[in-house]
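> Prediction below, plus the sequence it came from.
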Amino acid sequence: MAIYAIFVRERGVRFSPLSGLKYLLPASIYKTPSVRIDLMMVPISWVLNFVLFAGLAVGSGVVQVWLAGHYGHSPLHVPAGWMAVSLQIAFTLLGTDIARFAWHYQGHKVAFFWEFHKGHHSAEALHPVFIRTHPVDMFVRLLYMNMGGGLVGGGLMYLCGVDASTTAAGLLVVIGTVFHFMQQFEHSHVKFSFGKTLDKVFYPPHFHQIHHSALLEHRDKNLGLTGGLCLWDKLAGTLYIPKANERIIYGASLEELGSNNPHRTLWGFLSGPFVEAARTLRPRTPVDSGLVRTAETAGPR
Ligand SMILES: [Zn+2]
Ligand SMILES: [Zn+2]
């Protein structure tokens, strides 16, 4: 088992374009079964991400236009211009961020949803190319983010008298693309920070490495979205500031690594969650409910 976080500190090698590339794309990572599943899931992720970008761009505007059409214009009015565009973008991103946190919190705290989200956590290596997410989990996330961006963003636009603009919609796609690129780093072995001060406000990519740790002290921590607000994690009591050289072992849990990983094959990754999620809907026995489980095996999930 490799602990890829340590890779970051192995800097004895002199920098060259080749050593830089090897550092970003180490062959030891790409040979693992975990990464093969990541790469096989890339096409479906592209399709679903298109839906996310479309919702992000127009969702809040559609809701604002609908509310104004049905209930009349708000007494407040922000004239068309940079202020209105900025507010539309800020409200949409705020709504998306809250909704994304709610989806993630649910994925960790509700057993049924955890079974689908677990496929994202069963990856035993983080790398900057791509990380898998189960299609059901991805769909629920899209639903939450599009609904959140639309309802919260559009609702706030309506209340403040901000009219929807196509300029804001276009800029949201650009901003969404930048966020998407940044988010690749949250799933890599490279520690990427915004700097000590900004890290306290905006969730930096390296906080998410803790989120993927199988160690008990890291479990269900740092549920925020890279570039989003740390505030939600602070309010939920799930914020964990990584220490320098923090030890991390990637995976869903220490009991499900290597040959015990239920998602070692694409079939296991895709079909397993349906079986396990169905199991969570059955009436629970005292053993299932955790009354006779140890703290190590039970966890907060
Ligand atoms: Zn998670
Ligand atoms: Zn992740």
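Ah, there it is. Ligands and ions are numbered 1, 2, ... in the order given.
> count of neighbours near Ala68?
Using other C-beta atoms under 10 Å, Ala68 has 17 neighbouring residues. No exception for glycine: its C-beta is placed from N, CA and C like everyone else's.
> quick one: contacts for the residue lying closest to it once chain neighbours are set aside?
The shortest distance from Ala68 to any non-neighbouring residue, by C-beta to C-beta, 6 or more residues apart in numbering, is to Tyr158 (6.3 Å). With contact set as C-beta atoms under 8 Å, 6 or more residues apart in numbering, Tyr158 has these partners: 63-64, 67-68, 71, 74.
> For the stretch 201-301 of the chain, which segments count as helices?
207-211, 231-236, 266-280, 295-298 (DSSP state H, counting those that start in this stretch).
> Show the secondary-structure elements that the second one is packed against.
Other helices and strands packing on helix 231-236, by 3 or more C-beta pairs under 8 Å, 6 or more residues apart in numbering; DSSP states H and E, are helix 82-109.
> list the helices and strands the helix it packs on packs on?
helix 42-71, helix 111-121, helix 135-148, helix 154-160, helix 166-186, helix 231-236.
> Low-confidence ranges, the protein, go.
Scanning the chain for pLDDT under 70 picks out 1-16, 285-301.
> residue nearest the centroid of it?
Leu225 (5.3 Å; C-alpha atoms, centre = their mean).
> Chain neighbours aside, what residue packs nearest to Leu281?
Once flanking residues are discounted, Leu281 sits nearest to Phe112: 6.6 Å by C-beta to C-beta, 6+ apart.
> list the contacts for that neighbour?
Residues near Phe112 by C-beta under 8 Å, 6+ apart: 277, 280-281.
> Report the buried members of these.
Ala277 (16 or more other C-beta atoms under 10 Å).
> want to throw the contacts of Phe112 into a markdown table with distance to Lys200?
Shown next, in a markdown table, are the contacts of Phe112 (distance: C-beta to C-beta, whole Å):
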| residue | distance to Lys200 |
| --- | --- |
| Ala277 | 36 |
| Thr280 | 36 |
| Leu281 | 40 |
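> Ala169: which of the contacts of Phe112 is nearest?
Closest approach to Ala169 among the contacts of Phe112 (C-beta to C-beta): Ala277, at 35.7 Å.
> Find the nearest non-adjacent residue to that closest one, please.
Glu115 (4.0 Å).
> okay but that neighbour is in contact with Phe269, surely?
No: if you go by C-beta atoms under 8 Å, Glu115 and Phe269 don't touch, sitting 11.7 Å apart.
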